[in-house]
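Peer 1: The following comprises the amino acid sequence and a computationally predicted model.
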Amino acid sequence: MKFIPDWRATTVTHPVRDGIAKARRSAVHLEMRDSYTPADAEFARWRAGHRYDGDPARLPDWWGAWRDVVEEATARGVVMRRARIVSEPVTEYIRYEHDITFANVAAGELVRWLPRRKAADIPLPGTDLWMFDGESVLFTYFSGAGDVVDREWRTEPEVVQLVRNAFELVWERATPHGAYEPG
């Protein structure tokens, strides 16, 4: 398995952080898996009953690095949107993500949720991604268990257009975070 630096690390270059730092207008994130990094310590804590109860100040130290990235980008006018396509009933991991998404919103991200059944007729890329300024796409490839195994930058116009169209259709159909109740 290829080493992929964790975005929470502050001492290594990370392609998502780099893409956001260079973005001038927009950064969009499309998530389509029902489980990510199941061995994550924060997920384990959540499964054991730990909750942040909507208070970003109580989040772990690593969260501050992401908050800083988002706040810096949005302060310079970058619109950050995150759309999640989820199966319903949702997995335990998606319940965890929903529970902590208040922090993404507090940092300045716009987040929406789309039940998979409402995405059935949308031509979608085969994996999660980030798109920056509607010009470059960073695909993220996962193992079956949900661990990141590789990333790939793509800038071909037809790839960017596929991603742009897919994301906008998902965004249009999706429910804003504050109104979405995991089914």
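Peer 2: Sure thing, it's come through.
Peer 1: ok, and for the helix or strand that contains Thr101, which residues are buried?
Peer 2: Following DSSP states H and E, the helix or strand that holds Thr101 is helix 92-107. Burial within helix 92-107, assessed by neighbour count using 16 or more other C-beta atoms under 10 Å, is assigned to 93-94, 96-98, 100-107. Where you see a C-beta, it was placed from the backbone N, CA and C, and this is true even at glycine.
Peer 1: which residue is nearest the centroid of this protein?
Peer 2: For the chain, the residue nearest the mean C-alpha position is His29 (5.0 Å; C-alpha atoms, centre = their mean).
Peer 1: What angle do helix 92-107 and the helix or strand bottoming out on mean pLDDT in the chain make with each other?
Peer 2: Counting by mean pLDDT, DSSP states H and E, the chain has its least confident helix or strand at helix 61-75, which shows a mean of 89. Here helix 61-75 points in a direction 50 degrees away from that of helix 92-107 (axes from the mean of the first three to the mean of the last three C-alpha atoms, to 10 degrees).
Peer 1: for the chain, which spans come out with low pLDDT?
Peer 2: Residue ranges of the chain with pLDDT under 70: 1-13.
Peer 1: Show me where it has its helices.
Peer 2: Listed from the start of the chain, the chain has helices (DSSP state H) covering 15-22, 41-47, 61-75, 92-107, 157-173.
Peer 1: Would you convert the ones you listed into a markdown table that also reports distance to Thr140?
Peer 2: Listed next are these as a markdown table, based on distance: least, C-beta to C-beta, whole Å:
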| stretch | distance to Thr140 |
| --- | --- |
| helix 15-22 | 8 |
| helix 41-47 | 18 |
| helix 61-75 | 16 |
| helix 92-107 | 15 |
| helix 157-173 | 13 |
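Peer 1: Of all these, which one comes closest to Leu129?
Peer 2: With distances scored as C-beta to C-beta, the stretch of the helices of the chain nearest to Leu129 is helix 157-173 (6.2 Å).
Peer 1: what's that closest one packed up against?
Peer 2: Other helices and strands packing on helix 157-173, by 3 or more C-beta pairs under 8 Å, 6 or more residues apart in numbering; DSSP states H and E, are strand 26-31, strand 79-86, strand 110-115, strand 129-132, strand 136-142.
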